[in-house]
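A.B. asks: can you look at this prediction? I've put the sequence above it.
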Protein chains: 2
Amino acid sequence: MDAALQVLDAEGLDAVTMRRVAQALNTGPASLYAHVADKDEMVQLVFDRVLSEVEYPQQIDAERWDEQLKDVCRSVRAALGRHRDIARAGLGNIPTGEGALPGMNAIVGLILAGGVSERVASLSVDILGLYLTATAYEESLDSFPGSEKASEDFHVELQNFFISLPVEKYPYLHMLAGPLTDGDGDHRFEFGLDILVRGIASTVQADGRPTGVS
Amino acid sequence: MDAALQVLDAEGLDAVTMRRVAQALNTGPASLYAHVADKDEMVQLVFDRVLSEVEYPQQIDAERWDEQLKDVCRSVRAALGRHRDIARAGLGNIPTGEGALPGMNAIVGLILAGGVSERVASLSVDILGLYLTATAYEESLDSFPGSEKASEDFHVELQNFFISLPVEKYPYLHMLAGPLTDGDGDHRFEFGLDILVRGIASTVQADGRPTGVS
DNA sequence: ACCTGAACACCGTTCAAGT
DNA sequence: ACCTGAACACCGTTCAAGT
């Protein structure tokens, strides 16, 4: 597992193959099958390990549940961001490993502390997880493929493309050419996080009783 | 391109390889490089083609911008859902193909019709795209790998896992074992969509002037 | 401009055989 | 229980050669 994480951090998720990891262990790929069912399980274990880095409050403060919730989410983003494009491995899965459970338990607890129903809490944790892995994955694509230079060039190119679009055919895309390609990652993340957390909160009326939403 | 789409629909995205597509064309893999730079470009073209199936209103009705916006989003989900796990190909990319642009232009227009700033509109279209591709991808994993039976078994298994969790260690996960694994896809999708669209709308005050959000 | 066969450098996984 | 070498059935991509 340490070996797999090392390969991931050094070369990215695509390099985390049975053969590459085995090589880092000075052995052959077949040997790994004594410890792991298949490649997917290996990658899932790495993902779980990364999630174990997530920090969460030991105590839930119901008054500040939304800020605490956001902090856990920021910690998830930070953990994923520290390990290349590992977020890709989390896209289709509900993580059930030892590393992920404490953080997930905290997130569920914080959402419930917001006063929402169990149903809404379940849907919320789902969509929040989706948001965290998907944004982390997108950001990882920006940071690595080439140098930072390449990604900046790509930005300019994309903006030029939108500007070049025929105004009569795509008026709105043309209009937003600037802001659409303006990428401050931290800010984007906070915007989405704020919308989601406020959306979850808006599901509860001022008196603390759940609204009829969904 | 037709051949690639056929392979996708019949066997899923993993089967869309240079070799498989070439075979469907009764030729060798090297021949494809006369029409396409690499595999990624080929898959991206397929993705763009799928997005061309998206339906959008010819005329924006500013009064009903949110319902119109939701309808376009539903159409994106439907289009992606018709083509296996193609959504995976859309995860890290801003689509710039002929097929995707009209729908994207409509989405941007509808968000702007909601009265938000250009900045917020850009962030919103971004997060909405993230949500659409990520949910479509997750749903595609549920529908295919094995039969529907297998996915139901998996559900039960997952629920049992959460129930089996030690209550003192993971109280909230244990509590939500039921709803957390209760998957009505349509309903989940609508819940998230509603939160996002309301979140975007909440960025504008009642008088139509943008709030100071983000 | 388009196509081809052959090759290169990789994959995940299996399996008989060993300790 | 753990490891190994060799093999199988695949990959994407390149390249010289053809039309």
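C.D. replies: Everything's here; your move.
A.B. asks: list the buried ones in the lowest-mean-pLDDT helix or strand in chain A?
C.D. replies: The weakest-scoring helix or strand in chain A, judged by mean pLDDT, DSSP states H and E, is helix A:148-164 (a mean of 83). Using 16 or more other C-beta atoms under 10 Å in any protein chain shown as the test for burial, helix A:148-164 gives A:158-159, A:162. Heads up, the C-betas are built off the backbone N, CA and C, glycines and all.
A.B. asks: TSV please, covering those and showing distance to B:Thr203.
C.D. replies: Below are these laid out as TSV (distance: C-beta to C-beta, whole Å):
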residue	distance to B:Thr203
A:Leu158	24
A:Gln159	24
A:Phe162	22
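A.B. asks: for B:Met1, state which of those is nearest.
C.D. replies: Ranked by distance to B:Met1 (C-beta to C-beta), the buried residues of helix A:148-164 are led by A:Leu158 at 23.5 Å.
A.B. asks: measure that closest one to DNA strand D for me?
C.D. replies: 21 Å (C-beta to the nearest atom of the strand, to the nearest Å).
A.B. asks: where's that residue relative to A:Asp14, distance?
C.D. replies: Distance of A:Leu158 to A:Asp14, given as C-beta to C-beta, to the nearest Å: 23 Å.
A.B. asks: so A:Ala113 makes contact with A:Trp65?
C.D. replies: Yes - assessed by C-beta atoms under 8 Å, A:Ala113 is found in contact with A:Trp65 at 4.0 Å.
A.B. asks: for chain A, which residues are neighbours of DNA strand C?
C.D. replies: A:15, A:17-20, A:29-30, A:33, A:38-40 (C-beta under 7 Å from any atom of the strand).
A.B. asks: mark which of those are buried, thanks.
C.D. replies: A:17-18, A:20.
A.B. asks: now those residues in TSV, with pLDDT and secondary structure?
C.D. replies: As requested, those are exported to TSV (pLDDT from 0 to 100; DSSP: H, G, I helix; E, B strand; the rest coil):
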residue	pLDDT	secondary structure
A:Thr17	98	coil
A:Met18	98	helix
A:Arg20	97	helix
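A.B. asks: what subset of those residues is also close to chain B?
C.D. replies: Contacts with chain B within these, counted by C-beta under 8 Å from any C-beta of the partner chain: none were found.
A.B. asks: so the spatially most distant residue from the centre of chain A, which of the three states?
C.D. replies: Largest separation from the mean C-alpha position in chain A: A:Glu168, at 37.1 Å (C-alpha atoms, centre = their mean). Three-state assignment for A:Glu168 (DSSP: H, G, I helix; E, B strand; the rest coil): coil.
A.B. asks: once you drop chain neighbours, what's closest to A:Leu91?
C.D. replies: Excluding the flanking residues, the one nearest A:Leu91 by C-beta to C-beta, 6 or more residues apart in numbering or on different chains is A:Thr133, at 5.5 Å.
A.B. asks: surely that neighbour is in contact with A:Gly90?
C.D. replies: Yes - using C-beta under 8 Å, A:Thr133 is in contact with A:Gly90, at 4.2 Å.
A.B. asks: any common contacting residues for the two?
C.D. replies: A:Leu80 (C-beta atoms under 8 Å, 6 or more residues apart in numbering or on different chains).
A.B. asks: for the residue nearest the centre of chain A, give its distance to DNA strand C.
C.D. replies: Centrality entry for chain A: nearest residue to the mean C-alpha point is A:Thr133, 2.2 Å, by C-alpha atoms, centre = their mean. Here the criterion is C-beta to the nearest atom of the strand. By it, A:Thr133 lies 21 Å from DNA strand C.
A.B. asks: what helix or strand is that residue located in?
C.D. replies: helix A:118-143 (DSSP states H and E).
A.B. asks: how far away from the center of its chain is that helix?
C.D. replies: 5 Å (C-alpha atoms, centre = their mean, to the nearest Å).
A.B. asks: mind giving me the packing neighbours of it?
C.D. replies: helix A:65-81, helix A:101-113, helix A:185-201, helix B:118-143, helix B:177-180, helix B:185-201 (3 or more C-beta pairs under 8 Å, 6 or more residues apart in numbering or on different chains; DSSP states H and E).
A.B. asks: that one vs helix A:148-164, what angle?
C.D. replies: 110 degrees (axes from the mean of the first three to the mean of the last three C-alpha atoms, to 10 degrees).
A.B. asks: what comes up buried for helix A:118-143?
C.D. replies: A:118-140, A:142.
A.B. asks: now do stretch A:59-76
C.D. replies: Those would be A:60, A:65-66, A:68-76, for stretch A:59-76 by 16+ other C-beta under 10 Å.
A.B. asks: include pLDDT and distance to B:Glu152 when you put those into JSON lines, please.
C.D. replies: Rendered in JSON lines, the data for these read as follows (pLDDT from 0 to 100; distance: C-beta to C-beta, whole Å):
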{"residue": "A:Ile60", "pLDDT": "97", "distance to B:Glu152": "34"}
{"residue": "A:Trp65", "pLDDT": "98", "distance to B:Glu152": "34"}
{"residue": "A:Asp66", "pLDDT": "97", "distance to B:Glu152": "35"}
{"residue": "A:Gln68", "pLDDT": "98", "distance to B:Glu152": "36"}
{"residue": "A:Leu69", "pLDDT": "98", "distance to B:Glu152": "32"}
{"residue": "A:Lys70", "pLDDT": "98", "distance to B:Glu152": "35"}
{"residue": "A:Asp71", "pLDDT": "98", "distance to B:Glu152": "37"}
{"residue": "A:Val72", "pLDDT": "98", "distance to B:Glu152": "32"}
{"residue": "A:Cys73", "pLDDT": "98", "distance to B:Glu152": "31"}
{"residue": "A:Arg74", "pLDDT": "98", "distance to B:Glu152": "36"}
{"residue": "A:Ser75", "pLDDT": "98", "distance to B:Glu152": "34"}
{"residue": "A:Val76", "pLDDT": "98", "distance to B:Glu152": "30"}
